[in-house]
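>>> everything below, folded, please.
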Amino acid sequence: MKKISTLLLFLTIQSLFAQVETEVAPSFNIKTITFIQNNQNTVPIFQLGTGFQLQFDDLYGNEADYYYEIIHCDYNWKPSEIPKNDYLQGFDNQRIQEYTNSLNTLQLYSHYKLSIPNQFTQQLRISGNYMLKILNENKEVVFSRKFILYEESASVPMQVKRARTVNNLEYKHNIEFSITSSTINFQNPIKNIKIALFQNDKINEAIKNIVPQYTIGNDLIYKYDAETQFWAGNEFLYFENKEIKVPANFISKVDASSAVYGAYLYTHNARRNFPYTNTQDINGRFLVNNINATASEIEADYAWVYFSLSAPTFRLEKDIYINGMFNNYILSPEYKMDYDPKKGIYEKALLIKQGFTNYQYVIADAKGKIDNENAIDGNFYQTENNYTILVYYKANTDRYDKVIGKGTTSSTNIIN
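Next comes the predicted model:
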(Lines give C-alpha, C1' and ligand atoms only; values in the text may rest on other atoms or scores of the structure.)
Protein backbone atom coordinates (compact mmCIF):
# COMPACT_ATOMS: atom_id res chain seq x y z
CA MET A 1 0.00 0.00 0.00
CA LYS A 2 2.86 2.35 0.80
CA LYS A 3 4.36 1.74 -2.65
CA ILE A 4 1.01 2.39 -4.34
CA SER A 5 0.53 5.62 -2.37
CA THR A 6 4.03 6.77 -3.32
CA LEU A 7 3.36 6.00 -6.98
CA LEU A 8 0.05 7.89 -6.94
CA LEU A 9 1.74 10.87 -5.28
CA PHE A 10 4.50 10.82 -7.91
CA LEU A 11 1.96 10.72 -10.75
CA THR A 12 -0.01 13.58 -9.18
CA ILE A 13 3.09 15.75 -8.84
CA GLN A 14 4.15 14.85 -12.39
CA SER A 15 0.78 15.90 -13.80
CA LEU A 16 0.89 19.20 -11.91
CA PHE A 17 4.26 20.09 -13.41
CA ALA A 18 3.71 18.59 -16.88
CA GLN A 19 4.92 20.96 -19.55
CA VAL A 20 2.42 22.38 -22.02
CA GLU A 21 3.29 21.22 -25.54
CA THR A 22 3.89 24.27 -27.74
CA GLU A 23 4.68 24.23 -31.42
CA VAL A 24 8.36 24.55 -32.27
CA ALA A 25 8.96 26.82 -35.26
CA PRO A 26 11.21 25.39 -37.98
CA SER A 27 14.64 26.68 -38.92
CA PHE A 28 15.09 28.62 -42.17
CA ASN A 29 15.75 25.55 -44.33
CA ILE A 30 12.40 23.91 -43.52
CA LYS A 31 9.60 25.35 -45.64
CA THR A 32 6.02 24.75 -46.82
CA ILE A 33 4.90 22.58 -43.92
CA THR A 34 1.38 21.44 -44.61
CA PHE A 35 -1.18 18.81 -43.72
CA ILE A 36 -2.74 17.08 -46.72
CA GLN A 37 -6.01 15.20 -46.94
CA ASN A 38 -7.80 14.19 -50.15
CA ASN A 39 -4.89 15.72 -52.10
CA GLN A 40 -5.53 19.21 -50.65
CA ASN A 41 -3.73 21.12 -47.93
CA THR A 42 -6.02 21.66 -44.98
CA VAL A 43 -6.30 22.74 -41.37
CA PRO A 44 -5.16 19.77 -39.25
CA ILE A 45 -8.55 18.73 -37.81
CA PHE A 46 -9.44 15.23 -38.96
CA GLN A 47 -12.21 12.79 -38.23
CA LEU A 48 -11.00 9.84 -36.18
CA GLY A 49 -10.20 6.89 -38.45
CA THR A 50 -9.37 8.92 -41.56
CA GLY A 51 -5.88 9.20 -43.05
CA PHE A 52 -3.76 12.28 -43.71
CA GLN A 53 -0.22 13.36 -44.53
CA LEU A 54 2.30 15.86 -43.23
CA GLN A 55 4.50 17.24 -46.01
CA PHE A 56 7.44 19.64 -45.89
CA ASP A 57 10.53 20.74 -47.83
CA ASP A 58 14.16 20.85 -46.72
CA LEU A 59 15.99 23.50 -48.74
CA TYR A 60 19.35 21.87 -48.09
CA GLY A 61 18.25 19.10 -50.45
CA ASN A 62 20.64 16.56 -48.95
CA GLU A 63 18.07 13.81 -48.23
CA ALA A 64 18.61 14.11 -44.49
CA ASP A 65 17.07 11.55 -42.15
CA TYR A 66 14.00 12.76 -40.24
CA TYR A 67 11.98 10.91 -37.61
CA TYR A 68 8.58 11.51 -36.06
CA GLU A 69 6.98 11.28 -32.63
CA ILE A 70 3.27 11.54 -31.76
CA ILE A 71 2.05 12.74 -28.34
CA HIS A 72 -1.56 12.73 -27.17
CA CYS A 73 -2.46 15.84 -25.15
CA ASP A 74 -5.30 17.07 -22.96
CA TYR A 75 -7.52 20.10 -23.59
CA ASN A 76 -4.74 22.45 -22.43
CA TRP A 77 -2.07 20.73 -24.55
CA LYS A 78 -0.35 18.95 -21.68
CA PRO A 79 0.66 15.33 -22.44
CA SER A 80 -2.15 12.97 -21.45
CA GLU A 81 -1.53 10.59 -18.54
CA ILE A 82 -2.17 7.47 -20.58
CA PRO A 83 0.28 4.94 -22.06
CA LYS A 84 1.24 5.42 -25.69
CA ASN A 85 -0.25 2.09 -26.72
CA ASP A 86 -3.65 3.33 -25.51
CA TYR A 87 -3.73 5.93 -28.28
CA LEU A 88 -1.32 4.54 -30.89
CA GLN A 89 -1.41 1.11 -32.50
CA GLY A 90 2.11 0.31 -33.69
CA PHE A 91 5.16 2.50 -33.19
CA ASP A 92 6.37 6.05 -33.71
CA ASN A 93 9.98 7.30 -33.45
CA GLN A 94 10.48 5.91 -36.94
CA ARG A 95 12.36 7.39 -39.90
CA ILE A 96 10.26 9.10 -42.57
CA GLN A 97 10.54 6.73 -45.51
CA GLU A 98 9.10 8.80 -48.37
CA TYR A 99 11.12 11.71 -49.77
CA THR A 100 12.00 13.00 -53.24
CA ASN A 101 14.34 15.69 -54.51
CA SER A 102 12.94 18.62 -56.45
CA LEU A 103 12.77 18.41 -60.23
CA ASN A 104 13.66 21.22 -62.69
CA THR A 105 13.77 23.91 -60.01
CA LEU A 106 16.33 26.65 -59.41
CA GLN A 107 15.96 26.16 -55.65
CA LEU A 108 17.04 22.64 -54.73
CA TYR A 109 14.99 20.93 -51.99
CA SER A 110 14.06 17.52 -50.65
CA HIS A 111 10.33 16.97 -50.29
CA TYR A 112 9.16 14.73 -47.41
CA LYS A 113 5.84 12.94 -46.89
CA LEU A 114 4.71 11.36 -43.65
CA SER A 115 1.46 9.39 -44.02
CA ILE A 116 -0.69 8.54 -41.01
CA PRO A 117 -1.47 5.65 -40.83
CA ASN A 118 1.62 3.91 -42.24
CA GLN A 119 3.41 0.56 -41.93
CA PHE A 120 4.74 1.46 -38.48
CA THR A 121 1.87 3.54 -37.10
CA GLN A 122 -1.16 1.50 -38.06
CA GLN A 123 -3.78 3.53 -36.23
CA LEU A 124 -4.47 6.41 -33.88
CA ARG A 125 -7.05 4.89 -31.56
CA ILE A 126 -8.69 7.84 -29.80
CA SER A 127 -9.80 11.40 -30.45
CA GLY A 128 -8.22 14.46 -28.89
CA ASN A 129 -5.33 16.88 -29.24
CA TYR A 130 -2.06 15.58 -30.67
CA MET A 131 1.41 17.03 -31.10
CA LEU A 132 3.46 15.74 -34.04
CA LYS A 133 7.20 16.27 -33.61
CA ILE A 134 9.72 15.96 -36.44
CA LEU A 135 13.20 15.02 -35.21
CA ASN A 136 16.63 14.97 -36.83
CA GLU A 137 19.09 12.06 -36.66
CA ASN A 138 20.24 13.28 -33.22
CA LYS A 139 16.60 13.10 -32.05
CA GLU A 140 16.45 16.88 -31.66
CA VAL A 141 13.13 18.55 -32.49
CA VAL A 142 13.32 20.23 -35.90
CA PHE A 143 9.73 21.47 -35.73
CA SER A 144 6.39 20.38 -34.33
CA ARG A 145 2.76 20.84 -35.34
CA LYS A 146 -0.57 20.38 -33.62
CA PHE A 147 -3.33 18.27 -35.08
CA ILE A 148 -6.71 17.23 -33.70
CA LEU A 149 -8.84 14.11 -34.18
CA TYR A 150 -12.58 14.32 -33.53
CA GLU A 151 -15.51 11.94 -33.23
CA GLU A 152 -19.06 12.55 -34.41
CA SER A 153 -20.84 11.89 -31.12
CA ALA A 154 -22.31 15.39 -30.77
CA SER A 155 -23.77 17.96 -33.14
CA VAL A 156 -22.91 21.66 -32.89
CA PRO A 157 -25.33 23.98 -34.72
CA MET A 158 -23.86 27.48 -35.02
CA GLN A 159 -24.89 30.99 -36.05
CA VAL A 160 -22.76 34.04 -36.81
CA LYS A 161 -24.28 37.36 -35.77
CA ARG A 162 -23.06 40.91 -35.60
CA ALA A 163 -21.76 42.06 -32.24
CA ARG A 164 -24.34 42.44 -29.50
CA THR A 165 -22.47 45.39 -28.00
CA VAL A 166 -23.33 48.67 -29.73
CA ASN A 167 -19.76 50.01 -29.83
CA ASN A 168 -18.58 46.98 -31.80
CA LEU A 169 -21.60 46.47 -34.02
CA GLU A 170 -19.67 47.36 -37.19
CA TYR A 171 -16.44 45.59 -36.25
CA LYS A 172 -17.07 42.21 -34.60
CA HIS A 173 -18.74 38.85 -35.15
CA ASN A 174 -20.54 37.06 -32.35
CA ILE A 175 -20.89 33.27 -32.41
CA GLU A 176 -23.94 31.60 -30.91
CA PHE A 177 -24.14 27.81 -30.75
CA SER A 178 -25.47 24.81 -28.93
CA ILE A 179 -24.22 21.28 -28.24
CA THR A 180 -26.43 18.21 -28.27
CA SER A 181 -25.93 14.46 -28.41
CA SER A 182 -28.24 11.49 -28.88
CA THR A 183 -25.56 9.01 -27.72
CA ILE A 184 -23.99 10.78 -24.71
CA ASN A 185 -25.87 11.80 -21.57
CA PHE A 186 -23.70 14.69 -20.44
CA GLN A 187 -22.49 14.39 -16.85
CA ASN A 188 -21.86 17.68 -15.06
CA PRO A 189 -21.44 19.69 -18.31
CA ILE A 190 -20.19 22.80 -16.50
CA LYS A 191 -17.12 20.82 -15.46
CA ASN A 192 -16.80 18.08 -18.08
CA ILE A 193 -17.61 19.93 -21.33
CA LYS A 194 -15.06 22.35 -22.78
CA ILE A 195 -14.96 24.11 -26.14
CA ALA A 196 -12.38 25.65 -28.47
CA LEU A 197 -13.73 28.28 -30.84
CA PHE A 198 -11.52 29.77 -33.53
CA GLN A 199 -11.59 31.91 -36.64
CA ASN A 200 -10.14 30.95 -40.03
CA ASP A 201 -8.38 27.81 -38.75
CA LYS A 202 -6.13 29.70 -36.29
CA ILE A 203 -5.92 26.92 -33.72
CA ASN A 204 -3.45 28.83 -31.54
CA GLU A 205 -5.81 31.82 -31.19
CA ALA A 206 -8.86 29.92 -29.91
CA ILE A 207 -11.43 31.22 -27.45
CA LYS A 208 -11.52 28.63 -24.67
CA ASN A 209 -12.96 27.87 -21.22
CA ILE A 210 -16.49 29.04 -22.02
CA VAL A 211 -19.13 27.14 -20.03
CA PRO A 212 -22.75 26.59 -21.17
CA GLN A 213 -24.96 29.54 -20.40
CA TYR A 214 -27.88 27.23 -19.66
CA THR A 215 -29.14 23.74 -20.49
CA ILE A 216 -32.40 22.40 -21.89
CA GLY A 217 -32.46 18.69 -21.23
CA ASN A 218 -29.31 17.35 -22.90
CA ASP A 219 -28.87 20.50 -25.03
CA LEU A 220 -26.18 22.98 -23.96
CA ILE A 221 -26.85 26.57 -25.02
CA TYR A 222 -24.21 29.26 -25.57
CA LYS A 223 -25.62 32.75 -26.28
CA TYR A 224 -23.09 35.16 -24.84
CA ASP A 225 -22.77 38.86 -25.64
CA ALA A 226 -19.01 39.41 -25.34
CA GLU A 227 -17.28 36.13 -24.48
CA THR A 228 -17.68 34.58 -27.95
CA GLN A 229 -16.94 37.66 -30.06
CA PHE A 230 -14.14 37.99 -32.62
CA TRP A 231 -12.79 41.07 -34.35
CA ALA A 232 -14.03 40.57 -37.90
CA GLY A 233 -10.85 41.74 -39.64
CA ASN A 234 -10.71 42.18 -43.40
CA GLU A 235 -10.38 39.82 -46.35
CA PHE A 236 -6.94 38.26 -46.74
CA LEU A 237 -4.53 39.65 -49.30
CA TYR A 238 -3.07 37.33 -51.90
CA PHE A 239 -0.64 36.95 -54.78
CA GLU A 240 -0.40 34.33 -57.50
CA ASN A 241 2.77 33.13 -59.20
CA LYS A 242 1.82 29.72 -60.57
CA GLU A 243 3.60 30.89 -63.75
CA ILE A 244 6.73 32.01 -61.95
CA LYS A 245 8.22 34.02 -64.83
CA VAL A 246 5.13 36.18 -65.37
CA PRO A 247 3.93 39.03 -63.12
CA ALA A 248 0.36 37.92 -62.42
CA ASN A 249 -2.15 38.94 -59.74
CA PHE A 250 -0.72 41.69 -57.48
CA ILE A 251 2.86 41.14 -58.68
CA SER A 252 4.32 44.27 -60.25
CA LYS A 253 7.47 42.72 -61.72
CA VAL A 254 9.57 39.55 -61.76
CA ASP A 255 13.36 39.59 -61.44
CA ALA A 256 15.04 36.65 -63.18
CA SER A 257 18.63 37.85 -62.68
CA SER A 258 19.20 36.28 -59.25
CA ALA A 259 19.75 32.66 -58.21
CA VAL A 260 15.99 32.18 -57.79
CA TYR A 261 13.19 34.34 -59.15
CA GLY A 262 12.18 37.51 -57.35
CA ALA A 263 8.50 38.57 -57.28
CA TYR A 264 7.88 42.20 -56.31
CA LEU A 265 4.37 42.85 -55.01
CA TYR A 266 2.66 46.19 -55.48
CA THR A 267 2.93 48.40 -52.39
CA HIS A 268 -0.10 47.72 -50.26
CA ASN A 269 -1.93 50.63 -48.65
CA ALA A 270 -3.43 50.01 -45.22
CA ARG A 271 -7.19 49.51 -45.65
CA ARG A 272 -8.27 50.50 -42.16
CA ASN A 273 -9.68 53.90 -43.18
CA PHE A 274 -11.10 52.77 -46.53
CA PRO A 275 -14.57 51.31 -47.11
CA TYR A 276 -14.89 47.54 -47.09
CA THR A 277 -14.37 45.87 -50.47
CA ASN A 278 -15.37 42.28 -51.11
CA THR A 279 -12.49 40.25 -52.55
CA GLN A 280 -12.37 36.49 -53.03
CA ASP A 281 -9.86 34.88 -50.68
CA ILE A 282 -9.37 31.39 -49.23
CA ASN A 283 -9.32 32.57 -45.61
CA GLY A 284 -5.58 32.43 -45.09
CA ARG A 285 -4.77 29.18 -46.86
CA PHE A 286 -2.38 28.58 -49.74
CA LEU A 287 -2.06 26.33 -52.76
CA VAL A 288 1.25 25.08 -54.17
CA ASN A 289 0.96 25.17 -57.95
CA ASN A 290 3.28 25.23 -60.95
CA ILE A 291 1.03 25.58 -63.97
CA ASN A 292 3.66 23.94 -66.17
CA ALA A 293 4.20 20.90 -63.93
CA THR A 294 2.57 17.51 -63.49
CA ALA A 295 3.68 17.12 -59.84
CA SER A 296 3.72 20.56 -58.22
CA GLU A 297 4.87 19.26 -54.85
CA ILE A 298 8.35 18.60 -56.31
CA GLU A 299 8.26 20.76 -59.47
CA ALA A 300 7.04 24.02 -57.96
CA ASP A 301 9.94 26.41 -57.44
CA TYR A 302 10.66 28.92 -54.72
CA ALA A 303 10.78 32.67 -55.24
CA TRP A 304 11.82 35.62 -53.13
CA VAL A 305 8.59 37.55 -52.62
CA TYR A 306 9.12 41.24 -51.84
CA PHE A 307 6.34 42.72 -49.67
CA SER A 308 5.89 46.46 -49.13
CA LEU A 309 3.34 48.22 -46.95
CA SER A 310 2.41 51.86 -46.64
CA ALA A 311 0.96 52.50 -43.18
CA PRO A 312 1.80 56.14 -42.31
CA THR A 313 -0.44 56.29 -39.22
CA PHE A 314 0.96 53.11 -37.68
CA ARG A 315 2.38 53.40 -34.15
CA LEU A 316 6.08 52.53 -34.16
CA GLU A 317 6.15 51.03 -30.65
CA LYS A 318 4.73 47.78 -32.05
CA ASP A 319 5.88 45.50 -34.86
CA ILE A 320 4.26 44.41 -38.11
CA TYR A 321 4.42 40.78 -39.26
CA ILE A 322 3.38 38.93 -42.39
CA ASN A 323 1.53 35.69 -41.75
CA GLY A 324 -0.95 33.13 -43.04
CA MET A 325 -1.25 29.38 -43.19
CA PHE A 326 1.89 29.35 -45.36
CA ASN A 327 3.95 30.04 -42.19
CA ASN A 328 1.51 28.71 -39.58
CA TYR A 329 0.69 32.28 -38.47
CA ILE A 330 3.90 32.48 -36.45
CA LEU A 331 5.41 35.74 -35.24
CA SER A 332 9.15 35.27 -35.62
CA PRO A 333 11.94 37.63 -36.72
CA GLU A 334 11.95 35.97 -40.14
CA TYR A 335 8.47 37.41 -40.82
CA LYS A 336 8.81 40.81 -39.12
CA MET A 337 8.78 43.78 -41.50
CA ASP A 338 11.51 46.41 -41.59
CA TYR A 339 10.74 50.11 -41.80
CA ASP A 340 12.59 52.15 -44.44
CA PRO A 341 12.47 55.81 -43.29
CA LYS A 342 13.63 57.10 -46.69
CA LYS A 343 10.80 55.40 -48.55
CA GLY A 344 8.35 55.70 -45.66
CA ILE A 345 7.21 52.10 -46.07
CA TYR A 346 7.60 48.71 -44.41
CA GLU A 347 9.38 46.01 -46.41
CA LYS A 348 10.21 42.32 -46.19
CA ALA A 349 11.46 39.58 -48.54
CA LEU A 350 10.28 36.01 -47.90
CA LEU A 351 11.16 32.79 -49.69
CA ILE A 352 7.82 31.18 -50.61
CA LYS A 353 6.91 28.22 -52.81
CA GLN A 354 5.06 29.23 -55.94
CA GLY A 355 1.31 28.98 -56.30
CA PHE A 356 -1.58 30.94 -54.76
CA THR A 357 -0.85 32.41 -51.32
CA ASN A 358 -3.12 34.25 -48.88
CA TYR A 359 -1.47 36.47 -46.30
CA GLN A 360 -2.21 39.30 -43.89
CA TYR A 361 -0.36 42.03 -42.01
CA VAL A 362 -0.70 41.88 -38.21
CA ILE A 363 0.43 44.15 -35.38
CA ALA A 364 2.00 42.60 -32.29
CA ASP A 365 3.85 43.82 -29.23
CA ALA A 366 7.19 42.56 -27.92
CA LYS A 367 5.47 39.65 -26.12
CA GLY A 368 3.77 38.48 -29.30
CA LYS A 369 0.28 39.71 -28.36
CA ILE A 370 -1.61 40.54 -31.54
CA ASP A 371 -3.52 43.83 -31.62
CA ASN A 372 -6.62 42.87 -33.61
CA GLU A 373 -8.57 45.95 -32.53
CA ASN A 374 -6.14 48.28 -34.33
CA ALA A 375 -5.59 46.00 -37.31
CA ILE A 376 -3.66 47.44 -40.26
CA ASP A 377 -6.55 46.61 -42.60
CA GLY A 378 -9.35 47.36 -40.16
CA ASN A 379 -12.36 45.40 -38.97
CA PHE A 380 -15.58 45.10 -40.96
CA TYR A 381 -18.60 42.98 -40.07
CA GLN A 382 -19.05 42.24 -43.80
CA THR A 383 -15.80 40.22 -43.86
CA GLU A 384 -16.27 36.57 -44.78
CA ASN A 385 -14.66 34.38 -42.12
CA ASN A 386 -14.85 30.69 -41.31
CA TYR A 387 -15.58 29.71 -37.70
CA THR A 388 -14.97 26.30 -36.12
CA ILE A 389 -15.95 24.85 -32.74
CA LEU A 390 -14.50 21.71 -31.21
CA VAL A 391 -16.27 20.08 -28.26
CA TYR A 392 -14.16 18.32 -25.61
CA TYR A 393 -15.68 15.90 -23.11
CA LYS A 394 -14.17 14.07 -20.17
CA ALA A 395 -16.70 12.07 -18.17
CA ASN A 396 -16.12 11.50 -14.48
CA THR A 397 -14.54 8.09 -15.16
CA ASP A 398 -12.58 9.03 -18.32
CA ARG A 399 -8.78 9.23 -18.37
CA TYR A 400 -8.42 11.71 -21.23
CA ASP A 401 -10.19 14.54 -23.06
CA LYS A 402 -12.16 13.32 -26.07
CA VAL A 403 -13.19 15.58 -28.94
CA ILE A 404 -16.78 14.49 -29.42
CA GLY A 405 -17.97 16.96 -32.04
CA LYS A 406 -17.08 19.65 -34.53
CA GLY A 407 -19.13 22.54 -35.87
CA THR A 408 -18.33 24.93 -38.72
CA THR A 409 -20.01 27.93 -40.23
CA SER A 410 -19.21 31.07 -42.22
CA SER A 411 -20.06 34.73 -41.72
CA THR A 412 -21.53 34.76 -45.22
CA ASN A 413 -24.55 33.37 -43.34
CA ILE A 414 -24.65 36.25 -40.87
CA ILE A 415 -28.26 36.69 -39.79
CA ASN A 416 -28.51 40.26 -38.45
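>>> residues near E373, how many?
Other residues near E373 number 11, with proximity taken as other Cβ atoms under 10 Å. The way it works is simple: take the backbone N, C-alpha and C, and place the C-beta from them, glycine included.
>>> wait, what's in contact with it?
W231, N379 (Cβ atoms under 8 Å, 6 or more residues apart in numbering).
>>> wait, what's in contact with the residue nearest to Q19 when sequence neighbours are not counted?
Of all residues not flanking Q19 in the chain, K78 sits nearest, at 7.2 Å (Cβ to Cβ, 6 or more residues apart in numbering). Contact analysis of K78 by Cβ under 8 Å, 6+ apart lists S15, A18, Q19, V20, E21.
>>> show me what contacts Y392?
Y392 neighbours (Cβ under 8 Å, 6+ apart): Y75, G128, I193, K194, I195, A196, D401, K402, V403, I404.
>>> show me which of these is closest to Y335.
Set against Y335, the nearest of the contacts of Y392 by Cβ to Cβ is A196 (24.7 Å).
>>> and the strands in the stretch 151-300 of the chain?
Along the stretch 151-300 of the chain, the stretches classed as strands by DSSP state E, counting those that start in this stretch are 158-162, 172-179, 193-199, 207-208, 214-216, 219-222, 229-231, 237-240, 251-255, 261-265, 268-269, 286-288.
>>> turn those into TSV, columns for mean pLDDT, distance to G355 and mean neighbour count.
As requested, the strands of the stretch 151-300 of the chain are exported to TSV (pLDDT from 0 to 100; distance: least, Cβ to Cβ, whole Å; neighbours: other Cβ atoms under 10 Å):
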stretch	mean pLDDT	distance to G355	mean neighbour count
strand 158-162	95	29	19
strand 172-179	96	29	22
strand 193-199	97	23	21
strand 207-208	97	31	15
strand 214-216	91	47	11
strand 219-222	96	38	18
strand 229-231	97	28	22
strand 237-240	97	8	20
strand 251-255	96	13	14
strand 261-265	97	12	20
strand 268-269	96	19	17
strand 286-288	96	4	21
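>>> make CSV out of the ones you listed and add distance to E347.
Supplementary listing: those in CSV, determined by distance: least, Cβ to Cβ, whole Å:
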stretch, distance to E347
strand 158-162, 36
strand 172-179, 31
strand 193-199, 28
strand 207-208, 34
strand 214-216, 52
strand 219-222, 43
strand 229-231, 26
strand 237-240, 15
strand 251-255, 14
strand 261-265, 10
strand 268-269, 11
strand 286-288, 21
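>>> so which of those comes closest to I370?
Between the strands of the stretch 151-300 of the chain, strand 229-231 lies closest to I370; by Cβ to Cβ that is 9.6 Å.
>>> quick one, phi/psi of the residue lying closest to N269 once chain neighbours are set aside?
Once its chain neighbours are removed from consideration, N269 has its nearest residue in S310; the separation is 5.1 Å (Cβ to Cβ, 6+ apart). Note on S310: backbone dihedrals following degrees, to the nearest 10 are phi -100, psi 110.
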